[in-house]
Structure formats: C-alpha cells, structure tokens
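> need coordinates for the following:
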Amino acid sequence: MRRRLVGVVASDRCDKTRRVEVRRVYRHAKYQKTVTGTTVCHAHDEGNVSKVGDVVEIIESRPMSRLKRWCVVSVVTSARKADSAIPYNDAPATESAQS
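This is a model prediction of the structure:
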C-alpha cells in the first residue's frame with residue numbers, strides 16, 4: 001500500500017519537481033508537549049500544474065532521482081483561490097511602529 005500525504009507546495013523552481021512540506025502534530029514522548037513537525041518531500045509533477053502555496057496530495061512512488069520519491073496526485077486547494085481565506089501576519093505596520 002502506497003502512502004498518501006497532503007502538504008503545501010513550498011517551491012516550484014525546478015521543472016516537473018515540487019518541494020512539498022507536510023506538517024504533522026504529535027505529543028513529545030518525554031515532556032508531553034504538542035509539537036509541530038515538518039517533513040519535506042520532493043515530488044514529481046509531470047504537467048507542472050501545482051504552484052507555490054497550493055495544497056496538494058502526494059503518493060509514494062519509485063525513486064525517480066536522488067531526492068524524488070513522491071508523485072503529485074492532485075491539487076486539493078489552489079493558492080489563487082485560497083488567498084482570501086488564509087490569514088497572513090504581514091499586515092501593514094502601524095504609524096507608531098514606523099516612527
């Protein structure tokens with residue numbers, strides 16, 4: 001059974017290759033604190049369909065190169081459609097902060 005993961009495209013610089021970041025939340029074994037981990041997967045995107053910020057589903061595949069072990073199956077959410085829904089922390093600075 002091939003593993004399927006959902007992650008966000010972090011880079012689309014290379015042709016037919018996407019750098020996908022998969023986030024996971026787990027409890028620390030000793031301290032019992034909730035920890036967020038990020039796994040970076042290099043995925044093959046044959047049609048160059050996905051762009052930076054897109055949420056994509058990837059599936060495990062045979063090794064295609066030194067780093068690529070995943071293939072992009074589908075774009076779950078496009079970054080262009082989700083821009084208005086994602087809150088960003090890059091709001092304009094207030095006047096007191098600029099002085």
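> please tell me how far the spatially closest residue to P63 that is not a sequence neighbour sits from V49.
In space, and not counting its chain neighbours, P63 is closest to R69: 5.6 Å by Cβ to Cβ, 6 or more residues apart in numbering. In short, each C-beta sits where N, CA and C put it, glycine included. R69 sits at a distance of 19 Å from V49 (criterion: Cβ to Cβ, to the nearest Å).
> what's the per-residue pLDDT of the residue nearest to P63 here?
At R69, the pLDDT value in this model is 97.
> kindly report the same for G37.
Value for G37, per-residue pLDDT: 94.
> residues making contact with the helix or strand that contains it?
Per DSSP states H and E: G37 is located in strand 34-44. Contact with strand 34-44 is made by 5, 7, 10, 16-28, 56, 58, 61, 64-65, 67-72, as judged by Cβ atoms under 8 Å, 6 or more residues apart in numbering.
> can you give me the offset of that strand from its chain's centre?
Distance of strand 34-44 from the chain centroid (Cα atoms, centre = their mean, to the nearest Å) equals 7 Å.
> right, and the helix or strand after that strand?
Toward the C-terminus from strand 34-44 - assigned by DSSP H and E - lies strand 55-60.
> and that next one with strand 34-44, angle?
Computed by axes from the mean of the first three to the mean of the last three Cα atoms, to 10 degrees, the angle separating strand 55-60 from strand 34-44 equals 70 degrees.
> the helix or strand following strand 55-60 pairs with which strands, parallel or anti?
On the C-terminal side of strand 55-60, the closest following helix or strand by DSSP H and E is strand 68-77. Using DSSP bridges, the strands paired with strand 68-77 are strand 34-44 (parallel), strand 55-60 (antiparallel).
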